[in-house]
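A.B. asks: Just need the structure, nothing else, for what follows:
(2 chains)
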Amino acid sequence: MSLAVRLEGLSVRYGAAPVLERTDLELPAGSFTALLGPSGCGKSTVLGAVAGFVPPATGRVTAGSRPVHGPGPDRGVVFQHYALFPWRTARGNVEFALKRLGLPRAERRRRALEALAEVGLADGTDKYPAQLSGGMQQRVALARALAAEPEVLLMDEPFGALDALTRTRMQRLLRELWERRGTTVLFVTHDIDEALALAQRVVVLGGTPGRVLADHTVPDGPPDPDLRSLIARHLGSE
Amino acid sequence: MHATPSPPGRALGRLGPALGRLGPALAAAAAVLALWYLLARSGVVAPALLPTPAETLAALVDGARSGTLTADLGASLARAGQGFALGALIGSALGFATGYLPKLSAAVTPVVSFLRPIPAIALVPLATAWFGIGETAKRLLIAYAVLLAVWLYVHDGVSRVPVSHLRAARTLGAPVHRRFVEVLLPAAAPAVLAALRYGASVALLALVAAELGGADSGLAYRLQVDGQFLRVDRMFAGLLVLGSLGVVVDLVLAAIGRRFAHWSTS
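C.D. replies: Numbers count the residues shown, from 1 in each chain, chains lettered A, B, ... in the order given. This is a model prediction of the structure:
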């Protein structure tokens, strides 16, 4: 299950300061898009607007046929700092997401363990977030977001705090999960290589207030050095 | 000889770490006791003004046997307990409301900042004028002091709950009652428990102020009576009970805190 996301003439202001100016963007259902840009270019604002955290000043956001008026379980979010509930175990965090579905307790438990196994966390399901490494915590956050069965998955620099090796592993895991589920993914990052490794399409955001500078399709197959340097030039033109 | 250590040896082995933690505190207590004893016996202070530890203990036992001390303790505990319960309940509710709703907080903050610096003891005459010298005045005074303290701490804790936790709950489809019970409440639990510990110490302060302002029973009332008769041994015994009460209440609340907010490092 997946939904298309559409931004139409979206402007966002924080107080009087415009952070995003008249932006149009369409994410087809089931697509994987990376939103790339330097910090402060409004890329997290775009994600926040799709999630429903940030109200538009002008324009609108739609998910499927419905306009976005606030957060909802059709749009799952994986936060930069995981936002796991520290008073719940890994399994408890995933069960929180499953409660919405009104399942009996035993079924909820079974599905939570299944979701954790799917992200490679079969052990340590009864540990608290503080007892898990950053990579493990992000696996739990991913399992929790997916357990609510969202049709759009929004990820805000989710692997930014991880070491290089863990990061590569998490990228591979995410790509596999996406290929299996076909959820629409919007992935915010400031890392060109991460964007190219993961996404079908890279949208470069920049300027103050932020706007779309470039929009590239990433071909399948081995990394394309020409595309990389082209995107690097768009980023560098800032 | 057996290779395994004898049971008493094992018991001592377990006792070791506990003694290690308590060691400094026990040493300090022993030092204070020794200093007190020497000061009382040396004649530097007139014996009528400073009882020895033994005399204080005797007064304590005497008070417990005659029932005065236990009756006073009961009266004080009832006042402090009821006042604390009322104040903590309302203070927590207000703390959640203002901590979660910034607009409400902006409206009431000036009022609270005006009321907060007024010590409870300054309100004793007013409370007496309004409610007489009965139990109502004392309980309300304690409740008021606890309310302000608990409100402030709970407000602070609730307003510090990470916005990402509440956002995550919304994106996971949790309706408002689940967000309150399953996110806001546990996230604020460590702050609430800290607020209750602070509130309990405030309740004891307000209790003493209320009883000194006019009472016919209670630990602080007894201190006043004993003072009029210069019974320093009984006054020391009363202070000892008052101090111990504070320590015990704090230890109990701290233990509850570890049980309910085990995931918190603070």
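A.B. asks: And the strands in the stretch 1-150 of chain B?
C.D. replies: Under the criterion DSSP state E, counting those that start in this stretch, the stretch 1-150 of chain B carries no strands.
A.B. asks: Do a quick rundown of the helices in it.
C.D. replies: B:7-42, B:53-66, B:68-100, B:102-115, B:124-131, B:135-159 (DSSP state H, counting those that start in this stretch).
A.B. asks: how big is the angle separating the third one from helix B:135-159?
C.D. replies: An angle of 40 degrees separates the directions of helix B:68-100 and helix B:135-159 when computed by axes from the mean of the first three to the mean of the last three CA atoms, to 10 degrees.
A.B. asks: could you say what helices and strands helix B:68-100 packs with?
C.D. replies: helix B:53-66, helix B:102-115, helix B:135-159, helix B:185-212, helix B:219-228, helix B:232-260 (3 or more CB pairs under 8 Å, 6 or more residues apart in numbering or on different chains; DSSP states H and E). Where C-beta positions appear, they are placed from N, C-alpha and C, glycine not excepted.
A.B. asks: got the angle for the shortest one vs helix B:68-100?
C.D. replies: Interaxial angle of helix B:219-228 relative to helix B:68-100 (the same axes, to 10 degrees): 130 degrees.
A.B. asks: Looking at the stretch 101-250 of chain B, which residue is nearest chain A?
C.D. replies: residue B:173 (3.2 Å; CB to the nearest CB).
A.B. asks: Give me the neighbour count for the closest residue to that residue other than its chain neighbours.
C.D. replies: Of all residues not flanking residue B:173 in the chain, residue A:73 sits nearest, at 3.2 Å (CB to CB, 6 or more residues apart in numbering or on different chains). Neighbourhood size, residue A:73 [other CB atoms under 10 Å in any protein chain shown]: 18.
A.B. asks: Assign residue A:73 to helix, strand or coil.
C.D. replies: What DSSP: H, G, I helix; E, B strand; the rest coil gives for residue A:73 is coil.
A.B. asks: pLDDT score for it?
C.D. replies: pLDDT, residue A:73: 93.
A.B. asks: for residue A:231, same thing?
C.D. replies: Reported pLDDT for residue A:231: 89.
A.B. asks: Going by secondary structure, it is in what exactly?
C.D. replies: helix A:225-236 (DSSP states H and E).
A.B. asks: Which helix or strand contains residue A:202?
C.D. replies: strand A:201-206.
A.B. asks: Tell me what angle that strand forms with helix A:225-236.
C.D. replies: 20 degrees.
A.B. asks: Residue of chain A nearest chain B, please.
C.D. replies: Closest point on chain A to chain B, by CB to the nearest CB, is residue A:73, at 3.2 Å.
A.B. asks: so that residue makes contact with residue B:168?
C.D. replies: No: look at residue A:73 against residue B:168 with CB atoms under 8 Å: they stay out of range, at 11.3 Å.
A.B. asks: on that earlier part again, and the angle for the next helix or strand after the strand holding residue A:202 with strand A:201-206?
C.D. replies: Downstream of strand A:201-206, the next assigned helix or strand under DSSP H and E is strand A:211-217. Using the same axes, to 10 degrees, the direction of strand A:211-217 lies 160 degrees away from that of strand A:201-206.
A.B. asks: Which per-residue confidence value corresponds to the spatially closest residue to residue B:139 that is not a sequence neighbour?
C.D. replies: In this structure, residue B:139 finds its nearest non-sequential neighbour in residue B:83, 4.5 Å apart by CB to CB, 6+ apart. The score at residue B:83 is 96. That number is its pLDDT.
A.B. asks: which residues in chain A form helices?
C.D. replies: A:43-51, A:90-98, A:105-118, A:134-147, A:164-181, A:192-198, A:225-236 (DSSP state H).
A.B. asks: Which of those has the lowest mean pLDDT?
C.D. replies: Among the helices of chain A, helix A:225-236 scores lowest, at a mean of 87.
A.B. asks: Count the neighbours of the nearest residue to residue B:161 once chain neighbours are set aside for me.
C.D. replies: In space, and not counting its chain neighbours, residue B:161 is closest to residue B:187: 4.3 Å by CB to CB, 6+ apart. Around residue B:187 there are 22 other residues, counting by other CB under 10 Å.
A.B. asks: In this structure residue B:187 contacts residue B:162, no?
C.D. replies: Yes: with contact defined as CB under 8 Å, residue B:187 counts as touching residue B:162 (7.5 Å).
A.B. asks: got the helices of the stretch 1-150 of chain B as JSON lines, with mean neighbour count columns?
C.D. replies: Below are the helices of the stretch 1-150 of chain B laid out as JSON lines (neighbours: other CB atoms under 10 Å in any protein chain shown):
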{"stretch": "helix B:7-42", "mean neighbour count": "10"}
{"stretch": "helix B:53-66", "mean neighbour count": "16"}
{"stretch": "helix B:68-100", "mean neighbour count": "20"}
{"stretch": "helix B:102-115", "mean neighbour count": "11"}
{"stretch": "helix B:124-131", "mean neighbour count": "15"}
{"stretch": "helix B:135-159", "mean neighbour count": "23"}
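A.B. asks: and the residue nearest to residue B:161, how far is that from residue B:47?
C.D. replies: Residue B:187 sits at a distance of 57 Å from residue B:47 (criterion: CB to CB, to the nearest Å).
A.B. asks: Tell me what the residue nearest the centre of chain A is bridged to.
C.D. replies: With distances taken as CA atoms, centre = their mean, residue A:155 lies nearest the centre of chain A, 1.6 Å away. Following DSSP bridges, residue A:155 is listed with bridge partners residue A:78, residue A:187.
A.B. asks: Which residue, neighbours along the chain excluded, lies closest to residue 58?
C.D. replies: No chain specified, so I'll use chain A. Using CB to CB, 6+ apart and skipping the chain neighbours, the partner closest in space to residue A:58 is residue A:11 (4.5 Å).
A.B. asks: meant chain B actually
C.D. replies: Spatial nearest neighbour of residue B:58, chain neighbours left out: residue B:233 (7.0 Å); criterion: CB to CB, 6+ apart.
A.B. asks: residues contacting that neighbour?
C.D. replies: With contact taken as CB atoms under 8 Å, 6 or more residues apart in numbering or on different chains, residue B:233 is in contact with B:51, B:55, B:56, B:58, B:59.
A.B. asks: so the last one makes contact with residue B:234?
C.D. replies: Yes: judged on CB under 8 Å, residue B:59 makes contact with residue B:234 at a distance of 4.8 Å.
A.B. asks: re earlier: for the residue nearest to residue B:161, which residues are in contact?
C.D. replies: A:85, A:87, B:161, B:162, B:165.
A.B. asks: pLDDT score for it?
C.D. replies: pLDDT, residue B:187: 94.
A.B. asks: What distance do you get for it to residue B:178?
C.D. replies: 13 Å.
A.B. asks: Equivalent analysis for residue A:221, please.
C.D. replies: 46 Å.
A.B. asks: Over to residue B:68?
C.D. replies: For residue B:68, the distance to residue B:178 - CB to CB - is 53 Å.
A.B. asks: Residues of chain B that sit close to chain A?
C.D. replies: B:162, B:164-165, B:167-174, B:178, B:182-183, B:186-187, B:189, B:261, B:263-265 (CB under 8 Å from any CB of the partner chain).
A.B. asks: Could you rerun that using 7 Å?
C.D. replies: Within chain B, the positions near chain A by CB under 7 Å from any CB of the partner chain are B:164, B:165, B:167, B:168, B:170, B:171, B:172, B:173, B:182, B:183, B:186, B:263.
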